[in-house]
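Student: Below is the sequence, then the predicted model.
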2 protein chains.
Amino acid sequence: MSNADPEVLARAGLTHIIEPNDQTGAALVQVSGAVEAYRIIRDHTGPAPAHEQQQVAELLDAHGASRASLRLDAGLERWRPRAALADPQADLKLMSTLGGGIIHPGDGNWPQGFEALGLAAPLALWYRGTGNLAILRDPARLAAIVGSRDATEYGRTVTAELVHGLRARGICIVSGGAYGIDAQAHQAALAEDPPARARPGEPLLPATIAVMAGGLNRFYPVGNDDLLKSVHRQGLLIAEVAPGATPTRWRFLQRNRLIAALCAATVVAEARWRSGALSTARHAAEMGREVGAIPGSVFSANSAGCHRLIREGAAILVTDAAEALELLKLPDPAPADVQAQQASNDREEPRDHDGLAIQDLLLLDALPVRSPRTADQLAALAGLGMGAILGGLSRLSTRGLAERSGTGWIRRFPNGREPQRGAPEPR
Amino acid sequence: MSNADPEVLARAGLTHIIEPNDQTGAALVQVSGAVEAYRIIRDHTGPAPAHEQQQVAELLDAHGASRASLRLDAGLERWRPRAALADPQADLKLMSTLGGGIIHPGDGNWPQGFEALGLAAPLALWYRGTGNLAILRDPARLAAIVGSRDATEYGRTVTAELVHGLRARGICIVSGGAYGIDAQAHQAALAEDPPARARPGEPLLPATIAVMAGGLNRFYPVGNDDLLKSVHRQGLLIAEVAPGATPTRWRFLQRNRLIAALCAATVVAEARWRSGALSTARHAAEMGREVGAIPGSVFSANSAGCHRLIREGAAILVTDAAEALELLKLPDPAPADVQAQQASNDREEPRDHDGLAIQDLLLLDALPVRSPRTADQLAALAGLGMGAILGGLSRLSTRGLAERSGTGWIRRFPNGREPQRGAPEPR
């Protein structure tokens, strides 16, 4: 166990003291290092040390953040009441007992996607579960599926289909562990059997990752207890807050930025006009990540948030797993089942006139079904010259669409489908 | 009756001879005028006159069109077989009997939107019905609603709601008179009562316009006979082909460009992956017109075409009449009912924490529902300094969200809605 490492101990302690996305804290850690930052917060009394105060201010200023509440002395005032309560040794021991631990930016498995967060990156990441942490290094293998808590049957079905298609490509499903769409996404990912490997011989990758807003010592919300236990057995739970932290509104909102940063793509499966899932999508869009949203009935309030994202240009409309995979920009080809799904989408049944040039299309429409017409009659009817008529009859014959009958020509239907009475209408 | 006018007679004859969007014909009319073009086609024998051949070629070349089939002599070969059959006097008399007539680019009511078509503009426009032709001059008052023939109940309902909202703004509904979405769009427009006026005192504007692919002497398709008779009584039917012309595939496709050109905006209400409605939408997008498409279930093949347009960026996602009206860019304000609809869309019920600054949000989450906490306890819990706590408690008290209780503070719910047990979750 690594709790002898001062860096690990300091960062574990800091996650207990500093709220997610408190950029003053991130700046202090960047200026002084985690060990010294932890020491300053715990031991220093009185006003903030002048040198650090200055450097933190300059760093925040360089990031365009210079509000009074972000000054180091304001930060120290925020943090000190909590510093006495932090016990990183105990937290690390607890999480180890629960089958977890902590990683920090110096670890090989630190999420590559967090680089985009800059000063908003977490100070460390608590985890729990059996999944291989190496997946965190590879945003292109991580897709977030998020949505509203009060999901409809439509939203659940769409989510399950999407997850099925993504799991067939070995993509790990990231979500927030909440009721509704989140729960369905995790559940569907766990239901896929067998779990996928990134490449032959490599260790199993987790099917799903739940990014939690509170401490990982307990599973929240209680109604998802069984589900999150399954995620623990077959995947990963992660959080930037220390064990024991309650899931407050602020932490839920900040959790969404972690989901967005972890994954190359985020898909909103179903969301109301105001939904936390939209904040995840906007975080992702701001970071330049790909964002998709699934459309639904315009009469369903549960799709209004998805439609809003698409209208605002913040998300691309996504209808199936193949289109979600496009967002991840994976280079390798899709397996057969995914390709088949995509192909079935790409076309309806072919039609006799597919690929005909305009003049031949005009001629085809002039060909009678029963009483033959001569080339002269066809020329007047189709509005074509004689050269076009004779060449066209030859081409249509070759395709089995026209046939000589006495001195004239009639229409043929090679696929046996004669249209209903009345002129054909393409619409 | 204007059948003594040589220009009218010539253009009526040309619509009998030249297929829609035959750009050689349009070029000849532009080079020689309609009267002389009609004379050349009818009376000239042998090769095309050299001067006109040259000028037509140059004009087409300037439009980037120089295929062999577009040469004037190829055109004359196409047109001559039909020229003998044209009888514009009879056509004009017939249409007059049927309550109709013809307009051409020299008329005041010639559709302003046709300017965008260039050489693809029709040579003349046959009409039939009682509606005021002046509406054609004003694309911003014309909205096309199109879609697949095999509409679902969802598509029909969506179409009716959209038409209702647009009619409430006095917008005239343009469609193609086909089964399915087209029929529903016309029907819903006719059902609105009373018909709208553009401005007080002005003549009634037609509720709906059907743009037909065949001659207006008969109503096609037969299953829409009653509906199209109603359009005739209360609106307009228009076509660029002469009476007697059958609705061929080519003419259906070309009819779509007229719908797109007439209207400032086109909305695809429901369309399959391959649907004539998509061609209307693409015509509109190419002309720089606004295009909308209505989303639906990803499991409905009847919405696949709409989703395709939105994904390709050819259409904006539209969920209701207010959003369709945005496409028309009308300057005047919406009437109360439309505004109310839009407003209800814009927000769900307000929440206690709307508009709170981040620090006050953190404090709000730390306030207990039952056993009061002191300011010191709140500071440690919320991770805030004492200044932020005291200022925040004051602001939250003012909003009725916090209340002093003994030596501490508790949460209050001004709207009487106490959350369910467990921590709040915004998603």
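Tutor: Cool, got the structure.
Student: Identify the residue nearest the geometric centre of chain A.
Tutor: Most central in chain A under CA atoms, centre = their mean is A:Thr266, positioned 2.0 Å from the mean C-alpha point.
Student: is it in a bridge, and if so with what?
Tutor: A:Ala144, A:Val291 (DSSP bridges).
Student: OK, contacts around it?
Tutor: Neighbouring residues of A:Thr266 by CB atoms under 8 Å, 6 or more residues apart in numbering or on different chains: A:143-146, A:259-260, A:280-281, A:284, A:289-292. From N, CA and C alone the C-beta is placed, and that goes for glycine too.
Student: Could you export those residues as CSV, including distance to A:Leu28 and pLDDT?
Tutor: Output for these, formatted as CSV (distance: CB to CB, whole Å; pLDDT from 0 to 100):
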residue, distance to A:Leu28, pLDDT
A:Ala143, 34, 98
A:Ala144, 30, 98
A:Ile145, 35, 98
A:Val146, 32, 97
A:Ile259, 26, 97
A:Ala260, 25, 97
A:Thr280, 27, 94
A:Ala281, 31, 95
A:Ala284, 28, 95
A:Arg289, 28, 94
A:Glu290, 33, 96
A:Val291, 32, 97
A:Gly292, 37, 97
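Student: which of those are buried?
Tutor: Buried members of those, scored by 16 or more other CB atoms under 10 Å in any protein chain shown, are A:143-146, A:259-260, A:280-281, A:284, A:289-292.
Student: Skipping its backbone neighbours, what lies nearest A:Leu309 in space?
Tutor: A:Ala315 (3.8 Å; CB to CB, 6 or more residues apart in numbering or on different chains).
Student: Model confidence for the one you found, exactly?
Tutor: The per-residue pLDDT reported for A:Ala315 equals 96.
Student: OK, contacts around it?
Tutor: So A:Ala315 contacts A:268, A:281, A:285, A:291-293, A:306, A:309 (CB under 8 Å, 6+ apart).
Student: before we move on, back to that, of the buried ones among the contacts of A:Thr266, just say which sits nearest to A:Phe413.
Tutor: A:Gly292 (41.3 Å; CB to CB).
Student: Up against chain B, what does the stretch 51-200 of chain A have?
Tutor: Within the stretch 51-200 of chain A, the positions adjacent to chain B are A:69, A:74, A:77-79, A:81-82, A:85, A:146, A:148-149, A:154, A:157-158, A:176, A:178, A:182 by CB under 8 Å from any CB of the partner chain.
Student: Show me just the buried residues among these.
Tutor: The buried subset of those - by 16+ other CB under 10 Å - is A:69, A:74, A:77-79, A:81-82, A:146, A:148-149, A:154, A:157-158, A:176, A:178, A:182.
Student: related to what we said a few turns ago, what's the separation between the residue nearest to the centre of chain A and B:Gln89?
Tutor: 67 Å (CB to CB, to the nearest Å).
Student: Also A:Ala271?
Tutor: 64 Å.
Student: for the stretch 51-200 of chain A, what are the low-confidence residue spans?
Tutor: Within the stretch 51-200 of chain A, the ranges that satisfy pLDDT under 70 run A:193-200.
Student: what's the farthest-apart pair in the contacts of A:Ala315?
Tutor: Among the contacts of A:Ala315, A:Ala285 and A:Cys306 lie farthest apart (CB to CB), at 13.7 Å.
Student: More neighbours: which of those two?
Tutor: A:Cys306 (34 against 18; other CB atoms under 10 Å in any protein chain shown).
Student: Now do the contacts for the more buried one.
Tutor: Listed by CB under 8 Å, 6+ apart, the contact set of A:Cys306 reads A:268-271, A:293-296, A:315.
Student: Skip the chain neighbours and tell me the closest residue to it.
Tutor: Of all residues not flanking A:Cys306 in the chain, A:Ala293 sits nearest, at 3.9 Å (CB to CB, 6+ apart).
Student: got it, and A:Gly296?
Tutor: Using CB to CB, 6+ apart, the closest residue to A:Gly296 is A:Ser303 (3.2 Å).
Student: how many neighbours does that neighbour have?
Tutor: Using other CB under 10 Å: A:Ser303 sits among 31 other residues.
Student: Look at the residue nearest to A:Ile103 when sequence neighbours are not counted and say how many residues are nearby.
Tutor: Nearest in space to A:Ile103, with sequence neighbours left out and distances taken as CB to CB, 6+ apart, is A:Leu125 at 5.2 Å. Per other CB under 10 Å, the neighbour tally for A:Leu125 reads 26.
Student: quick one, what contacts A:Leu125?
Tutor: A:102-104, A:110-111, A:238-240.
Student: I'd like to know which of those is nearest to B:Ala65.
Tutor: The nearest one, if we look at the contacts of A:Leu125 relative to B:Ala65 and count by CB to CB, is A:Pro111, at 55.7 Å.
Student: That closest one touches A:Ala261, doesn't it?
Tutor: Yes. The pair A:Pro111 and A:Ala261 qualifies as a contact (CB atoms under 8 Å) at a distance of 7.1 Å.
Student: picking up where we left off before, who's more crowded, A:Ala271 and B:Gln89?
Tutor: Ranked by neighbour count (other CB under 10 Å), A:Ala271 and B:Gln89 place A:Ala271 first, with 33 against 13.
Student: I figured the more buried one was touching A:Gly305, is that so?
Tutor: Yes. The pair A:Ala271 and A:Gly305 qualifies as a contact (CB under 8 Å) at a distance of 3.2 Å.
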